[in-house]
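Asks: Everything below, folded, please.
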Amino acid sequence: MPPRGGTGAAAAGPADQRIDLVFENNRLASALYGEFDQNLALLEKRLGVDARARGNTVTISGGPVAVNQARRVLESLYDRLLEGHEVLQGDVEGAVRMAEMADAQLSLPTLEESGRMRFARVSTRKKSVVARTLAQDAYIRAMDRCELVFGTGPAGTGKTYLAVAFAAAMLERGDVDRIILCRPAVEAGERLGFLPGDMKEKVDPYLRPLYDALYDMMPSERVERGLQSGAIEIAPLAFMRGRTLAHAAVILDEAQNATSMQMKMFLTRLGEGSKMFVTGDPTQIDLRPGEVSGLVEATAILEGVEGVAICRFRGEDVVRHALVQRIVAAYERQPDRREQRRDG
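Replies: Numbers count the residues shown, from 1 in each chain. Coordinates of the predicted model:
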């Protein structure tokens, strides 16, 4: 059963509010609080409330807005536990971020009439991934309703991970017959031909983030069987020419390093029953000077086209270590030094 909330006696200060949340399952309540109540401590730090647990009851005190946000955070996390999923500190951070955004009168995540937050999620038999930012929420919903989805923005925002997770869920449900993962073979000026080994050995280093996400969402033996049978295919972008990709979930990662011609070639491979997810960071282009990024061009050309969604992530959407978010923000405040070097 979901927790029951009620307003208790007023805390110190005329503007403060206090509520008691009662969670029916003691074991889940303990998991919700975290080891040594670390999740409640994080909630206090982020929202400026006082959260005290006694058995299966949590008393939250503070400003009315913050108290209501804390209530929605704990209720949404408890719902996650009821569904059999664990709650990590990153989930607490994400739920706090979403509660704050909801109160900023943004359209997502969905707020039901009861005031409970419903986050978009991607689930496989192995794992369930819940949106931790407004942009992630919109991104997951876009992948569900559109055939072509662009996810652009800085590293650490989850754009590639969520695309692979969604593709894995589609394959598991039988919505597609295969997953195709590809990437432009461009990395700081190095080309595939200069790397040792066969084609798989040449391509693997470029696609390691995609492999990691696949193994995170699917059992390793399922991934290995898929790679052997062709249900999961890994290929450099250049190998997509001349193909029609039907009944497949197709992911192009690091798309900022695709040229204009490569991007047009890739997008026109879309076949019946397929979906394409294109991810990249327009600030990390490794193309030669003068070459146009296909990602930048495509998102400008295809804005507003039916069946296409363009989801833009920003520094505040970084869900890795908090320091990564600050690093991204610092770089965003600076002019493009790479362009300055080229001009010089």
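Asks: For the rest of this, base every contact and every neighbour count on C-alpha atoms.
Replies: Fine.
Asks: Next, the buried residues of stretch 137-147.
Replies: Neighbour-count burial for stretch 137-147, with 16 or more other Cα atoms under 10 Å as criterion, is recorded at 137-143, 147.
Asks: Filter the residues you listed down to just the ones in helices.
Replies: Taking DSSP state H, the ones among the buried residues of stretch 137-147 that sit in helices are 137-143.
Asks: Name the nearest of the residues you listed relative to D175.
Replies: Closest to D175 out of those is M143 (13.0 Å), distances taken as Cα to Cα.
Asks: Next, the contact list for that closest one, please.
Replies: 149, 163, 166, 277 (Cα atoms under 8 Å, 6 or more residues apart in numbering).
Asks: mind redoing it with 7 Å?
Replies: V149 (Cα atoms under 7 Å, 6 or more residues apart in numbering).
Asks: just the one 5 residues further on next, same as before
Replies: By Cα under 7 Å, 6+ apart, the contact list for L148 reads 275-277, 307-309.
Asks: mind running it again at 10 Å?
Replies: By Cα atoms under 10 Å, 6 or more residues apart in numbering, the contact set of L148 is 142, 250-251, 267, 270, 274-278, 306-310.
Asks: And A135, by the same measure?
Replies: The neighbours of A135, taking Cα under 10 Å, 6+ apart as the test, are 98, 108-109, 141, 151, 157-159, 311-314, 316-317.
Asks: what is the mean pLDDT for the host helix or strand of it?
Replies: Element membership of A135, judged by DSSP states H and E, is helix 134-145. Per-residue pLDDT over helix 134-145 has a mean of 91.
Asks: What of stretch 91-105?
Replies: pLDDT averaged over stretch 91-105 gives 74.
Asks: mind listing what's buried in it?
Replies: 91-102.
Asks: if I look at the spatially closest residue to R121 that is not a sequence neighbour, how far off is T259?
Replies: Residue nearest to R121 in three dimensions, not counting chain neighbours: V130, with 4.3 Å by Cα to Cα, 6 or more residues apart in numbering. Distance, V130 to T259, using Cα to Cα, to the nearest Å: 33 Å.
Asks: swap in V122?
Replies: To T259, V122 is 31 Å away according to Cα to Cα.
Asks: Pull the contacting residues for T244.
Replies: Per Cα under 10 Å, 6+ apart, neighbours of T244: 266, 268-272.
Asks: and if we set it to 8 Å?
Replies: The contact partners of T244, taken as Cα under 8 Å, 6+ apart, are 269-271.
Asks: Now do the phi/psi pair for the residue minimising distance to the centre of the chain.
Replies: Nearest to the mean C-alpha position of the chain, by Cα atoms, centre = their mean, lies G158 at 3.3 Å. Dihedral pair for G158: phi 90, psi 10, per degrees, to the nearest 10.
Asks: State the distance from it to V223.
Replies: 21 Å.
Asks: export the ones in helices among the buried residues of stretch 137-147 to TSV and tack on distance to L28?
Replies: Shown next, in TSV, are these (distance: Cα to Cα, whole Å):
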residue	distance to L28
D137	25
A138	29
Y139	30
I140	27
R141	29
A142	32
M143	32
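Asks: Closest to S76 out of those residues?
Replies: Closest to S76, out of all of those and judged by Cα to Cα, is D137, at 14.4 Å.
Asks: E147 versus the closest one, what's the distance?
Replies: 17 Å.
Asks: Please apply the same query to E44.
Replies: 41 Å.
Asks: Other residues contacting stretch 227-238?
Replies: By Cα under 8 Å, 6+ apart, the residues outside stretch 227-238 that reach it are 177-185, 203, 207, 223, 226, 252, 262, 266.
Asks: What is the most widely separated pair among the residues you listed?
Replies: So for these, where distance means Cα to Cα, the most widely separated pair is V223 and Q262, at 27.8 Å.
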